[in-house]
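Chemist: what follows is a predicted structure for the sequence shown.
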Amino acid sequence: MISPQSFIEAAKLHGFLLYTGVPCSYLKPFINYVIDAPDLEYVGATNEGDAVAIASGAELGGRRSVVMFQNSGFGNTVNPLTSLNMIFDMPVLVITTLRGEPGGPSDEPQHKLMGAITTALFELMQIPWEYFPTEEADIAPCLARAVDHMEKTRQPYGLVMKKDSVAPHKLKSKAAPKAAVTSQLAPVFEWGPERPSRSEVLSAVQRALLPTDVVVATTGYTGRELYALDDRANQLYMVGSMGCASSFGLGLALAQPNRRVIVLDGDGAALMRLGALATLGFERPKNLVHVLLDNELHESTGGQSTVSHSVDCALVAAACGYPRVERAESIAAVEALIHTRSSDMLFVHVKMRPGAPEDLPRPTATPIQVKERLTQWMAVNS
């Protein structure tokens, strides 16, 4: 058994400063120490996959990150790990617990199967792993192996934590509650029949960007249309990782507090991971702008209807704690909202009409090339 301080302070020497995840009783002392530490940041996610996306965004922004969760939620991470981290070459350190350990301590029945396949999941995803250290002397070599792999391959590395690996640490601090803010919410109105196209909205966003802004476009037609309109070095076109754009943008905004991060989300994607809005609404980075492009369809997969037509997405954002929420009734409104830097995190909801350009191209650059181009651009445009 090791103390949480010994591992976390050693990890700090390697640059691990942001931790995010979903709690597990095995992780309790570990998470408690991070929360109490004044020089570390902990972001509590509502979903393990969101935690992976948060850490990945922070990694892109230059802040090395750790993802922590119970192995019962490992399945929620498979999508971003395989279609975001391993496709874009974004390394994160993944720590999962081993509930239901075969031959280990007695545990609840729901952990039995996952306990038996946890390490096999890492191997199936081609992510190297080892057991979390339980001796002080093993901490430095473990971290050295993890960091060496992450730096050489730009891929994730896994640590599997058994029960009683970390000594207890009682939580001393408590997160201050943040009440939902609705005073700035625009009144409800009926969206008119003459809704703009996606390309018109994206063009308005591009016209309104400030010189150091970064744009994160959700997977599907949004990224492809943004690319077709004007491929720029400050734009990241997400692939896969459906619903993770807002969490990824949160991590990037936390790591790059002096630049705006514009997240272009879709209604289907946002609904898929709606809990992420609560995390964003609590963290509230002032430099994040979350734009929801809503055409009430899963358009890139055949035009199946989403349920956004029966959801007041702006009201949801306000209830989740977004301090400023706007319903953009026109292209001019979209452009004005993006052009003027808000003093608070901003949510912009805009309804669009269905439809995409014929023969819509896909980016010719690979995801890794797009990421590296953006990294270089951020280094110059700070």
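Modeler: Perfect, I can see it now.
Chemist: worst mean pLDDT across the helices and strands of this protein, which element?
Modeler: When each helix and strand of the chain is scored by mean pLDDT, DSSP states H and E, strand 297-298 comes last, with a mean of 76.
Chemist: so what does it touch, helix or strand wise?
Modeler: Strand 297-298 sits against helix 267-272, strand 304-305, with contacts defined as 3 or more C-beta pairs under 8 Å, 6 or more residues apart in numbering; DSSP states H and E. Every C-beta, even on glycine, is put in place using the N, C-alpha and C of the backbone.
Chemist: in stretch 113-131, which residues are buried?
Modeler: For stretch 113-131, burial by neighbour count (16 or more other C-beta atoms under 10 Å) applies to 114, 115, 118, 119, 121, 122, 125, 127, 129, 130.
Chemist: avg pLDDT for it?
Modeler: Averaged over stretch 113-131, pLDDT sits at 97.
Chemist: chain center to that stretch: distance?
Modeler: Here stretch 113-131 is found 22 Å from its chain centre; the criterion is C-alpha atoms, centre = their mean, to the nearest Å.
Chemist: and the buried residues of stretch 113-131 as CSV, adding distance to residue 93 and secondary structure?
Modeler: As requested, the buried residues of stretch 113-131 are arranged in CSV below (distance: C-beta to C-beta, whole Å; DSSP: H, G, I helix; E, B strand; the rest coil):
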residue, distance to residue 93, secondary structure
114, 20, helix
115, 21, helix
118, 16, helix
119, 16, helix
121, 16, helix
122, 13, helix
125, 15, coil
127, 11, coil
129, 11, strand
130, 12, strand
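Chemist: tell me who's in contact with the closest residue to residue 363 other than its chain neighbours.
Modeler: Distances taken as C-beta to C-beta, 6 or more residues apart in numbering place residue 227 nearest to residue 363, at 4.9 Å, with adjacent residues excluded. By C-beta atoms under 8 Å, 6 or more residues apart in numbering, residue 227 lies in contact with 235, 237, 361, 362, 363.
Chemist: my guess is the fourth one meets residue 226, correct?
Modeler: To tie it back to what came earlier, the one meant is residue 362. No: the criterion here is C-beta atoms under 8 Å, and residue 362 misses it with residue 226 at 11.8 Å.
Chemist: partner strands of whichever strand or helix holds residue 292 and their direction?
Modeler: If you go by DSSP states H and E, residue 292 is part of strand 288-294. Using DSSP bridges, strand 288-294 pairs in its sheet with strand 261-266 (parallel), strand 346-351 (parallel).
Chemist: right, so those strands: which one is the most enclosed?
Modeler: strand 261-266 (a mean of 28; mean count of other C-beta atoms under 10 Å).
Chemist: residue 326 and residue 308, how far apart?
Modeler: 17 Å (C-beta to C-beta, to the nearest Å).
Chemist: cool, and residue 109?
Modeler: 37 Å.
Chemist: quick one, which of these two is more surrounded?
Modeler: The neighbour comparison of residue 109 against residue 308 (other C-beta atoms under 10 Å) goes to residue 308, with 20 against 7.
Chemist: mind listing what that one touches?
Modeler: So residue 308 contacts 267, 268, 271, 294, 296 (C-beta under 8 Å, 6+ apart).
Chemist: from residue 271, how far out is it?
Modeler: Taken as C-beta to C-beta, the span from residue 308 to residue 271 is 6 Å.
Chemist: show me the strands in this protein, by range?
Modeler: 16-21, 41-44, 64-69, 93-97, 129-131, 157-161, 214-217, 235-237, 261-266, 288-294, 297-298, 304-305, 324-327, 346-351 (DSSP state E).
Chemist: please identify the deepest-packed of the ones you listed.
Modeler: Most buried among these, counting by mean count of other C-beta under 10 Å: strand 261-266, with a mean of 28.
Chemist: send the alpha carbons of that strand over as PDB?
Modeler: The C-alpha coordinates for strand 261-266 follow below in PDB (Å, rounded to 0.1, in the frame of the first residue of the first chain):
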ATOM      1  CA  VAL A 261     -12.500  27.800 -27.500                       C
ATOM      2  CA  ILE A 262     -15.500  27.600 -29.800                       C
ATOM      3  CA  VAL A 263     -17.200  24.300 -29.700                       C
ATOM      4  CA  LEU A 264     -19.500  23.600 -32.700                       C
ATOM      5  CA  ASP A 265     -21.900  20.800 -31.500                       C
ATOM      6  CA  GLY A 266     -24.800  19.000 -33.000                       C
END
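Chemist: chain center to that strand, what's the gap?
Modeler: 12 Å.
Chemist: contact partners of that strand?
Modeler: With C-beta under 8 Å, 6+ apart as the test, strand 261-266 has contacts from 202, 205, 209, 213-218, 220, 222-223, 226, 245-246, 248-249, 252-253, 285, 287-294, 338.
Chemist: one more pass at 7 Å, please.
Modeler: Around strand 261-266, the neighbours that count as contacts under C-beta atoms under 7 Å, 6 or more residues apart in numbering are 205, 213-218, 220, 222, 226, 245-246, 249, 252-253, 287-293, 338.
Chemist: and the helices and strands packed on strand 297-298 as JSON lines, adding mean pLDDT and distance to residue 321?
Modeler: Listed next are the helices and strands packed on strand 297-298 as JSON lines, based on pLDDT from 0 to 100; distance: least, C-beta to C-beta, whole Å:
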{"stretch": "helix 267-272", "mean pLDDT": "92", "distance to residue 321": "16"}
{"stretch": "strand 304-305", "mean pLDDT": "81", "distance to residue 321": "28"}
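Chemist: now, of those, which is deepest in the fold?
Modeler: Greatest average neighbour count among the helices and strands packed on strand 297-298 goes to helix 267-272 (a mean of 23), per mean count of other C-beta under 10 Å.
Chemist: tell me what it is packed against?
Modeler: Packing partners of helix 267-272 (3 or more C-beta pairs under 7 Å, 6 or more residues apart in numbering; DSSP states H and E): strand 288-294.
Chemist: any buried residues in stretch 328-339, and which?
Modeler: Within stretch 328-339, judged by 16+ other C-beta under 10 Å, the buried ones are 328, 329, 331, 333, 334, 335, 337, 338.
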